[in-house]
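S.K.: Coordinates only, no sequence provided:
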């Protein structure tokens, strides 16, 4: 039998710092969070100590249609039984490329990869190959992956890795204009997140004027507008997320939810970028794997059939309204930010998230897995009954906060 | 029904250049190679037109124990049914870390990722974090992935991406010494491949004196010796490949075969690098996925039980001896290079591989999938009977060459 404490003790011997990356509870998470999980089904998780949670993290995004969704799992399994990996892809790669290009307005072609960060990196390469320019603007503090070019927060990344990635401030058209002007003539692209979803901060939806400025600068400079839709993709819209603003990117990066947890990312691009995309060399051992491609076709179909963005929005509003009412009832000042489909709940005047952490630990004890300083995620496996059950738990958590 | 020509026509509309990366037949492969595959089983592949092949590429390495290996697939499936992805890993992540650390002499800890290139990148970050130095030496022409730092052959990668990656010539101790001297005091690491397996060239096994020089320079400079065992790992040795030379790396990168085709890579490191590995931030949405971890535990067990390196060596020598005899019999000058487990067969005086391509297309027609200019791969699913059957086909191919 496993228990979390015993597993941590074993892991501390063979894994640096006990656990790496965003799933490490050693990094900033309060005592009480489980590190290891035993079982997952629908919107529920069981940790290795047998505790059951209604999950509001969805594996940090990949799960969008329920853990172990039977229909998607069956599609993946059928492909896996026939052929998962070989010396070339199975036909489903073409099916998915056609399916994705049909669904996403700006897209005329697709490339598939594994990590979301593979997708953002390939977008940069395509943008640079077409323009033969070098600089790619990124928003200060935005997350586009942990590869050195995208990673200013880690040790082990020399400043040279970031020299060609000048920063601007998200939603600040003036700062974007200034950053672009500083490298005018040598601007290959501007990377924008679907919205400002920096961890640890209140979220900001994109200002339409900012989005139009980004588009206009790219048009004027011959640079690519690169939408990083890895985190938000398919939850806000079945099209690229900035379609909601009427602004189309040239290139978009997708990952996380596109295959409901099977490992897959995608680069979508518009016609003018096709030749550049054909001219670069990018690849990976597992990029042609069939099962995730088959899972993605089924995921896209399923999400379209239920109109997932609208469904998740209704669930998110229900959750948000309930939390807002509870916060008032129990006398806590909270701020809810970001789109309802990806709720972020933080306390006012809580700079180290101490209150948020205490609240989330109480919620955990009552069977709800929330995150104190990262946007959360809803799925089509959540029902109104699940949200109501979760709200019964958060009421107790607010009450316990005192 | 699918056929290769129809799929290519569809793909040319929605995939840049028809197909990307190392699995693109549009890149350098002669007419006659199938792009799309329908089914895989053991050491056999069926393309979408129904042609059957004994496969000598093993999906470019990942398949080491047979396509659809029942035992490994069952382990992956059992984990997938319980939990594949969640808000933290399943316990099998710890099992695999312990298993791998026990198996690989230099390793005291492990980190898991998706692409082989994730693993080589993380090694660089750990080396730089520990030493607080910047330069990483790489062999000219060596392949460590398609991310910009490792990718000098693609458009879209500014020269700045390679500024901190000076090159040396593999197996040339003098060139390595000179390259290290040029950045002495600012050397974070030296990346070495298990052997020189550059595509398009005759392969070279590592010269032990070169390996010892690399180790000595790293010791003198406080730099990390980084072994890229992504391609060769588990085929030459169940330990790190340079164990065969008595030279231990500080960090090693693994991928491809470690989970028999399930998407997984690994970074293994020695004790002095543990703190640096704990201090960096690296992650990916799918890095904690359970099914590939479970597949890897089973793969490592299975390969140990059958002593895979020795088994593959016997099969490889059988194939090599047969080809050598046939080449003489039919009057063709071939050069076979690299370790027998990863055969490379090229013709002498064949700078554009025209003769090699013609030979391989003949072999395809007779039911054997070979590669004209890339190292090939054997698996434990190949039997002596499969090798004999393949040799019967290559005899016809040599004969057809005239």
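M.R.: In hand now; what should we look at? None of these values were measured; they are calculated from a predicted model.
S.K.: gap between stretch A:46-58 and the chain center?
M.R.: Centroid displacement of stretch A:46-58 relative to its chain, using CA atoms, centre = their mean, to the nearest Å, is 20 Å.
S.K.: Give me the residue at the spatial middle of chain A.
M.R.: Closest residue to the average C-alpha location of chain A: residue A:231 at 1.7 Å, with CA atoms, centre = their mean.
S.K.: can you list the residues of the stretch 251-400 of chain A near chain B?
M.R.: The interface of the stretch 251-400 of chain A toward chain B, taken as CB under 8 Å from any CB of the partner chain, is made up of A:255-256, A:261, A:263, A:269, A:274-289, A:369. No exception for glycine: its C-beta is placed from N, CA and C like everyone else's.
S.K.: who's in contact with the residue nearest to the centre of chain A?
M.R.: By CB atoms under 8 Å, 6 or more residues apart in numbering or on different chains, the contact set of residue A:231 is A:61, A:116, A:143, A:193, A:194, A:197, A:256, A:342, A:375.
S.K.: mind redoing it with 10 Å?
M.R.: A:60-61, A:116, A:143-144, A:193-195, A:197, A:241, A:253-257, A:342, A:375, A:377, B:285 (CB atoms under 10 Å, 6 or more residues apart in numbering or on different chains).
S.K.: just residue A:300 next, same as before
M.R.: When contacts are counted by CB under 10 Å, 6+ apart, residue A:300 touches A:96, A:99, A:100, A:102, A:103, A:104, A:234, A:238, A:258, A:259, A:260, A:308.
S.K.: Now the last one: closest residue in space, sequence neighbours ignored.
M.R.: When you say that, I think you mean residue A:308. residue A:380 (5.5 Å; CB to CB, 6 or more residues apart in numbering or on different chains).
S.K.: what about the one you found, distance to residue A:71?
M.R.: Between residue A:380 and residue A:71 the distance is 11 Å, computed by CB to CB, to the nearest Å.
S.K.: Can you work out which residues contact both of these two?
M.R.: Shared contacts of residue A:380 and residue A:71, counting by CB under 10 Å, 6+ apart, come down to A:65, A:260, A:299, A:302.
S.K.: So the second one sits against residue A:74, correct?
M.R.: No - counting by CB atoms under 10 Å, residue A:260 sits too far from residue A:74 to count as a contact (11.9 Å).
S.K.: higher neighbour count, those two?
M.R.: Taking neighbours as other CB atoms under 10 Å in any protein chain shown, residue A:260 and residue A:74 compare with residue A:260 leading, 35 against 13.
S.K.: could you show me where the helices are in chain A, in order?
M.R.: Using DSSP state H, the helices found in chain A span residues A:4-14, A:70-82, A:92-103, A:116-131, A:173-182, A:208-221, A:274-279, A:290-305, A:308-329, A:354-365, A:384-401.
S.K.: re earlier: between the contacts of residue A:300, which sits nearest chain B?
M.R.: Relative to chain B, the closest of these is residue A:100; by CB to the nearest CB it sits at 8.1 Å.
S.K.: Now that closest one. Nearest residue, chain neighbours left out?
M.R.: Spatially, and ignoring its direct neighbours in sequence, residue A:100 is nearest to residue A:110 (5.1 Å; CB to CB, 6+ apart).
S.K.: before we move on, the earlier item: can I get the buried part of the contacts of residue A:300 as one ChimeraX selection?
M.R.: Command for ChimeraX that selects the buried part of these, burial taken from 16 or more other CB atoms under 10 Å in any protein chain shown:
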select /A:96,99,100,103,104,234,238,258,259,260,308
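S.K.: With pLDDT added, can I get the contacts of residue A:300 in JSON lines?
M.R.: Output for those, formatted as JSON lines (pLDDT from 0 to 100):
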{"residue": "A:96", "pLDDT": "98"}
{"residue": "A:99", "pLDDT": "98"}
{"residue": "A:100", "pLDDT": "98"}
{"residue": "A:102", "pLDDT": "98"}
{"residue": "A:103", "pLDDT": "98"}
{"residue": "A:104", "pLDDT": "98"}
{"residue": "A:234", "pLDDT": "98"}
{"residue": "A:238", "pLDDT": "98"}
{"residue": "A:258", "pLDDT": "98"}
{"residue": "A:259", "pLDDT": "98"}
{"residue": "A:260", "pLDDT": "98"}
{"residue": "A:308", "pLDDT": "98"}
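S.K.: what number of residues lie near the closest residue to chain B within the stretch 301-402 of chain A?
M.R.: For the stretch 301-402 of chain A and chain B, the shortest gap (CB to the nearest CB) falls at residue A:369, measuring 6.3 Å. Using other CB under 10 Å, residue A:369 has 26 other residues around it.
S.K.: So it sits against residue A:33, correct?
M.R.: Yes - the criterion here is CB under 10 Å, and residue A:369 meets it with residue A:33 at 8.5 Å.
S.K.: Could you pull out the residues contacting both of the two?
M.R.: Once CB under 10 Å, 6+ apart is applied, the residues that residue A:369 and residue A:33 both contact turn out to be A:47, A:360, B:87.
S.K.: Make JSON lines out of those residues and add pLDDT, distance to residue A:314 and neighbour count.
M.R.: JSON lines is the format used below for those (pLDDT from 0 to 100; distance: CB to CB, whole Å; neighbours: other CB atoms under 10 Å in any protein chain shown):
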{"residue": "A:47", "pLDDT": "98", "distance to residue A:314": "29", "neighbour count": "23"}
{"residue": "A:360", "pLDDT": "98", "distance to residue A:314": "24", "neighbour count": "25"}
{"residue": "B:87", "pLDDT": "98", "distance to residue A:314": "24", "neighbour count": "25"}
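S.K.: hey, what's in contact with both of residue A:260 and residue A:74?
M.R.: With CB under 10 Å, 6+ apart, residue A:260 and residue A:74 have common neighbours A:295, A:298.
S.K.: pLDDT weak spots in the stretch 1-150 of chain A?
M.R.: Under the criterion pLDDT under 70, the flagged ranges of the stretch 1-150 of chain A are A:1.
S.K.: Quick check, the residue in it closest to chain B?
M.R.: residue A:21 (2.7 Å).
S.K.: That residue: what's it in contact with?
M.R.: Taking CB under 10 Å, 6+ apart as the test, what residue A:21 contacts is A:27, A:60, A:146, B:111-113, B:280-285, B:287-288.
S.K.: Repeat that for residue A:159.
M.R.: Counting by CB under 10 Å, 6+ apart, residue A:159 makes contact with A:152, B:134.
S.K.: per-residue confidence for it?
M.R.: What the model reports as pLDDT for residue A:159 is 93.
S.K.: cool, residue A:386 as well?
M.R.: With respect to pLDDT, residue A:386 scores 98.
S.K.: picking that back up, from the shared contacts of residue A:380 and residue A:71, which two are the most distant?
M.R.: A:260 and A:302 (8.2 Å; CB to CB).
S.K.: That'll do, ta.
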